[in-house]
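> Let's see this in three dimensions:
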Amino acid sequence: MQIVIDPLDGPEIAAFLQAHLDDMRAVSPPESKHALDLEGLKAPAITFWSAYDEQTLVGCGAIKELDADGGEIKSMRVHGTARGKGVGSAILRHLIAIARGRGYRYLKLETGSMAFFTPAHGLYQKHGFRECAPFGDYQADPNSLFMELTIDQ
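Next comes the predicted model:
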């Protein structure tokens, strides 16, 4: 698998991210949907990666820099046909390695609290993330689960 920085200018990643937004709209009330659209992911503070198995897009993830000490994971997604094959773990390990290389002391994330997100909760916990309080501009929300990882240097 190759994980590469993606400039977000191709139709394949646009469709992949639209499917992500459609899933979030289907399971999360509008006030609890925090997934960024394509333009939002092009913000200067965000670096976005796509994962490929040969030439097939199988997943993606991003880091939004929050401050000099850490960032937020955004837009983690694995294609339905690639789930359960270690793609999510590979992307998450890559993001953690990038964060460590940047000298971050933490990574945080927001994900849904509903049953749909249970596999994501397990993935993050497997890699050391623990529940935390809302951060940044997030507010406490019964539909959101906040997690963080302390990064050892």
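
> who's in contact with stretch 68-86?
By C-beta atoms under 8 Å, 6 or more residues apart in numbering, the list of residues contacting stretch 68-86 from outside reads 16-17, 19-20, 35-36, 41, 46, 48, 53, 57-66, 87-88, 91-92, 95, 99, 102-110, 119-120, 135-136, 151. The way it works is simple: take the backbone N, C-alpha and C, and place the C-beta from them, glycine included.

> Please identify the buried residues of that stretch?
Under the neighbour-count criterion of 16 or more other C-beta atoms under 10 Å, stretch 68-86 has 70, 71, 72, 73, 74, 75, 76, 77, 78, 79, 82 buried.

> Could you single out the nearest of those to residue 146?
Checking the buried residues of stretch 68-86 against residue 146 by C-beta to C-beta gives residue 72 as the nearest, at 10.0 Å.

> pretty sure the closest one is in a strand, no?
Yes. According to DSSP: H, G, I helix; E, B strand; the rest coil, residue 72 belongs to a strand.
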